[in-house]
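# Give me a model of this one.
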Amino acid sequence: MNIATLQYNTKNAQFGITTTPGRQSIQQPQATVDIRQPKAAMNISSTPGVLAIDQSQAWADMDRKHIFQRIREAAAEGRQKAIEGTGRRAMEGRELADIHKGGNAIVAQAARHSMRNYETGLTWIPSHGSVKINYQPGDVNIDVQARKVENNTRANKPVISYQPGDVSFQLKQYPSIDFQVVNKTI
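Have a look, this model is predicted:
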């Protein structure tokens, strides 16, 4: 027996997708730097120290005296010797005037004049403490006035460039259905 049958073929639709990726670029410009540091104001004032050294006593101990000091000392010694000599002569004159009272005044005076007295001893030249030192320390005043930093730095905005991507769809194959009638014998 012949039976008519229906035979069909189908084709699915085919889609194509094409994409273009998006592009993004970011650039960050460097900051604009403007920093200034004014110099600090500084004032320094000083008073110098004073050192005084007096060594006149040490020089005098070594018998190296200034001529004016030698003249003063010689004049003082001469005056003293003159006073002593005047007193001694007056005393000897009284002794001689009182010779009638007894005693041997001439012999006593001769004995006194024949004896000399010398002083000897050990001394340090120059003597201890003969150099006088006086020091007045100086002073230093420092006045510093710091100045603030002037900071005018600016950050720059980033440069952003964006190109969007694209997606496109295409139909590569249309869907279809084919029908055929086929006779079959059973």
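# What are the boundaries of the strands in the protein?
With strands called from DSSP state E, the chain shows them at 2-11, 14-20, 23-27, 35-36, 41-47, 50-54, 132-136, 139-145, 150-151, 159-163, 166-173, 176-185.
# Turn those strands into a markdown table, including mean pLDDT, distance to Asp98 and mean neighbour count.
(Glycine included, C-beta is placed from N, CA and C.) Output for the strands of the chain, formatted as a markdown table (pLDDT from 0 to 100; distance: least, Cβ to Cβ, whole Å; neighbours: other Cβ atoms under 10 Å):
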| stretch | mean pLDDT | distance to Asp98 | mean neighbour count |
| --- | --- | --- | --- |
| strand 2-11 | 82 | 183 | 9 |
| strand 14-20 | 89 | 156 | 10 |
| strand 23-27 | 93 | 135 | 10 |
| strand 35-36 | 92 | 109 | 9 |
| strand 41-47 | 94 | 73 | 10 |
| strand 50-54 | 94 | 53 | 10 |
| strand 132-136 | 94 | 53 | 10 |
| strand 139-145 | 94 | 74 | 9 |
| strand 150-151 | 90 | 109 | 10 |
| strand 159-163 | 92 | 136 | 10 |
| strand 166-173 | 88 | 158 | 9 |
| strand 176-185 | 82 | 185 | 8 |
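# so who does the most centrally placed residue in the chain touch?
Central residue of the chain (Cα atoms, centre = their mean): Ile142, 11.4 Å from the mean position. Counting by Cβ atoms under 8 Å, 6 or more residues apart in numbering, Ile142 touches Met42, Asn43, Ile44.
# for it, which residues make a bridge with it?
For Ile142, the beta-bridge partners under DSSP bridges are Ile44.
# can you offset everything so residue one is 299?
New numbering, starting at 299: the last item is Ile440.
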